[in-house]
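In: Predicted model and sequence follow; I will ask about them next.
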Amino acid sequence: MELQKINGHSKDDGFDGLDALAEHDEFLPHKPGTKKEVHFTDFEGKTSFGMSVFNLSNAIMGSGILGLAFAMSNTGIVMFLILLVCIAILSAYSIHLLLKCAGVVGIRAYEQLGNRAFGPPGKMLAGCIITVHNIGAMSSYLFIVKSELPLVIQALLDETKNTGDWYLNGNYLIMIVSAFIILPLALMKQLGYLGYTSGFSLSCMVFFLISVIYKKFNIPCPFEDKLHHNITPTVDPLSGQNSTADFCEAKFFTMNSQTAYTVPILAFAFVCHPEVLPIYTELRNATKKRMQTVANISIMAMFVMYLLTALFGYLTFYVKVESELLHTYSRVDPLDVLILCVRLAVLVAVTLTVPVVLFPIRRALLTIFFPDKPFHWARHIIIAICLIFVVNLLVIFVPSIRDIFGLIGATSAPSLIFILPGIFYIRIVPEDQEPMKSRPKIQAACFAALGVVFMVMSLSFIMIDWATGESRSGGGH
């Protein structure tokens, strides 16, 4: 993209006075005789609008979709819809703040915004939060491998129950997959070609959604639990009366000890913010308005997909839906061919995504601890091995994927969506253009404060749930 003069912009470009100055003037004046810092506006974007929407949708889409039906079962349909709408709107506003910050200082990475806002501590903070979030994402992907791969092998061997053999033990299987598939891919110097798997991943999730909708009309209520050899449920254990009507009735509003996980799961499902600026850089004819439109369309598409998945998954299993939706289907028919195909597709997608998610973590760690060091194979390999080892330990010892969604969604997700964009905006946008008492900065401050409230409340409820040892009806695998 060629840099245009500010005077050349028309109102149709979507720039107000601040945005025009932000896109084309440096916040810190360039000194003559010094090397000019490369900005995202110096790159010629070649990615089309449609492909940018596709890429950002892939960045949003993740394993969080498997936990949404569980979230709906613990809030009710109406409350879930309200929360989903709120998180989607707030995510779009968060991207708006990031784009304005990036325009002011002309940089294209989340960590660099942190460095411009607060210096090295800000850069380290952003890098650490992205690292924690991506470790959580890797853990959730491997947790899917842990819970789903034994069921696939069991179905392929035509076994009706787990015989206890090592090849049906999820802990052994994730170590084998990590050692022979993920680690070799993660050791490559560049992993660009794996970007092609993003299309396959999104296709897998669309296939998953279609299967969830189809199965809603093919699984009776109450369903026969073939894993536990009973029909779930028929009799209330307290009153002795038939409870089928209550079990098969959708709740519009409900609240229990698991409701605390809903906001973190939803927040986890909408995080894409570290990828926004790189996609903005590559967008053809990039303007803030054009990129915001890309973000809005992507968020809307994922909103529809999330809502349909949660709704039809919940209306299939109601209160018996588990924290990983795909696993719940094995209780109805462990040998179902359609679900087996879905499992295989999702397993391949998440396994190939783990190395892609690992690369930003390694880059963040190298930026924090070895900022001025050239590439070295020993560091490259050791960091990859250590990260995969830590993630394997988390997946082996954490009892439920719900705990991963909850904990990461309650910490890193509010930071990336709410807190950091808000405080970056306050610090980066000059006061002579937007005073602290101006409406945009007050909104940004309230937005960051809202993220702190979400984080504190979610963590408090989750800790209380862990401490009281409440029954984890949706979690155990």
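Out: Everything's here; your move.
In: which strands and helices sit next to the helix or strand harbouring Met463?
Out: According to DSSP states H and E, Met463 maps onto helix 439-468. Secondary-structure packing of helix 439-468 (3 or more Cβ pairs under 8 Å, 6 or more residues apart in numbering; DSSP states H and E): helix 77-105, helix 262-270, helix 401-414, helix 420-428. Bear in mind the C-beta positions are built from the backbone N, C-alpha and C, glycine included.
In: where along the protein do the strands fall?
Out: 223-225, 230-232 (DSSP state E).
In: follow-up on the earlier one: can the helices and strands packed on helix 439-468 go into TSV with extra columns for mean pLDDT, mean neighbour count and distance to Cys128?
Out: Formatted as TSV, these follow (pLDDT from 0 to 100; neighbours: other Cβ atoms under 10 Å; distance: least, Cβ to Cβ, whole Å):
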stretch	mean pLDDT	mean neighbour count	distance to Cys128
helix 77-105	92	21	18
helix 262-270	84	28	17
helix 401-414	81	26	9
helix 420-428	93	23	11
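In: how about stretch 458-470: buried residues?
Out: Residues of stretch 458-470 classed as buried: 458-459, 461-462, 465 (neighbour count, 16 or more other Cβ atoms under 10 Å).
In: follow-up on the earlier one: run the chain-centre distance for the helix holding Met463.
Out: Mean C-alpha position of helix 439-468 versus that of the full chain (Cα atoms, centre = their mean, to the nearest Å) differs by 18 Å.
In: What is the neighbour count of Arg331?
Out: 17 (other Cβ atoms under 10 Å).
In: Distance of it relative to Arg379?
Out: 45 Å (Cβ to Cβ, to the nearest Å).
In: One more: Glu111?
Out: Taking Cβ to Cβ, one finds Glu111 at 18 Å from Arg379.
In: what's around Ser211, how many residues?
Out: By other Cβ under 10 Å, 19 other residues sit near Ser211.
In: right, and it touches Leu340 too?
Out: No - Ser211 is beyond contact range of Leu340, at 10.6 Å (criterion: Cβ atoms under 8 Å).
In: Can you find the helix or strand in this protein with the smallest mean pLDDT?
Out: Across the helices and strands of the chain, mean pLDDT, DSSP states H and E gives its lowest value to helix 17-24, namely a mean of 44.
In: which residues of the chain score low on pLDDT?
Out: Counting by pLDDT under 70, the ranges of the chain that qualify are 1-45, 160-163, 190-199, 226-246, 469-477.
In: for it, which helix is longest?
Out: Identified as the longest helix of the chain according to DSSP state H is helix 120-156.
In: Could you find the closest non-adjacent residue to Tyr93?
Out: Once flanking residues are discounted, Tyr93 sits nearest to Phe447: 6.9 Å by Cβ to Cβ, 6 or more residues apart in numbering.
In: The one you found touches Pro414, doesn't it?
Out: No - look at Phe447 against Pro414 with Cβ under 8 Å: they stay out of range, at 10.7 Å.
In: can you list residues touching both of those two?
Out: Residues touching both Phe447 and Pro414 (Cβ atoms under 8 Å, 6 or more residues apart in numbering): there are none.
In: Output the helices and strands packed on helix 439-468 in TSV, with distance to Glu324 appended to each entry.
Out: Below are the helices and strands packed on helix 439-468 laid out as TSV (distance: least, Cβ to Cβ, whole Å):
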stretch	distance to Glu324
helix 77-105	17
helix 262-270	11
helix 401-414	5
helix 420-428	29
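In: Can you report how many residues lie near Thr367?
Out: Counted with other Cβ under 10 Å, Thr367 comes out at 17.
In: Can you list the buried residues in stretch 279-298?
Out: Those would be 279-283, 286-288, 290-292, 294-298, for stretch 279-298 by 16+ other Cβ under 10 Å.
In: which one of the helices and strands packed on helix 439-468 lies closest to Gln154?
Out: Counting by Cβ to Cβ, Gln154 lies closest to helix 401-414 out of those; the figure is 19.1 Å.
In: Give me the distance from the closest one to the chain's centre.
Out: 10 Å.
In: okay, the angle between it and helix 262-270?
Out: 70 degrees (axes from the mean of the first three to the mean of the last three Cα atoms, to 10 degrees).
In: And helix 401-414, what does it pack against?
Out: Partner elements for helix 401-414 (3+ Cβ pairs under 8 Å, 6+ apart): helix 120-156, helix 262-270, helix 439-468.
In: Helix 401-414 and the helix holding Met463, what's the angle between them?
Out: Using the same axes, to 10 degrees, the direction of helix 439-468 lies 160 degrees away from that of helix 401-414.
In: ok now stretch 387-394, how far from the chain's centre?
Out: Stretch 387-394 sits 19 Å away from the centroid of its parent chain (Cα atoms, centre = their mean).
In: Next: stretch 291-303.
Out: Using Cα atoms, centre = their mean, the offset of stretch 291-303 from its chain centre is 15 Å.
In: likewise stretch 153-168?
Out: 31 Å.
In: Could you shift the numbering so residue one becomes 605, and keep it that way?
Out: Sure, I'll start counting at 605 from here, so that last one is stretch 757-772.
In: ends of that stretch, how far apart?
Out: 7 Å (Cα to Cα, to the nearest Å).
In: buried ones in it?
Out: Neighbour counts over stretch 757-772 (16+ other Cβ under 10 Å) mark 758-759, 772 as buried.
In: what's next to it, contact-wise?
Out: 754, 776-777, 831, 938-939, 944.
In: Please convert the buried members of these into PyMOL selection syntax.
Out: Here is the PyMOL command that selects the buried residues among these (16+ other Cβ under 10 Å):
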select buried, resi 754+777+938+944
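In: Show me the two of the contacts of stretch 757-772 that sit farthest apart.
Out: Tyr776 and Leu939, at 22.3 Å, using Cβ to Cβ across these.
In: Alright, that wraps it up for me.
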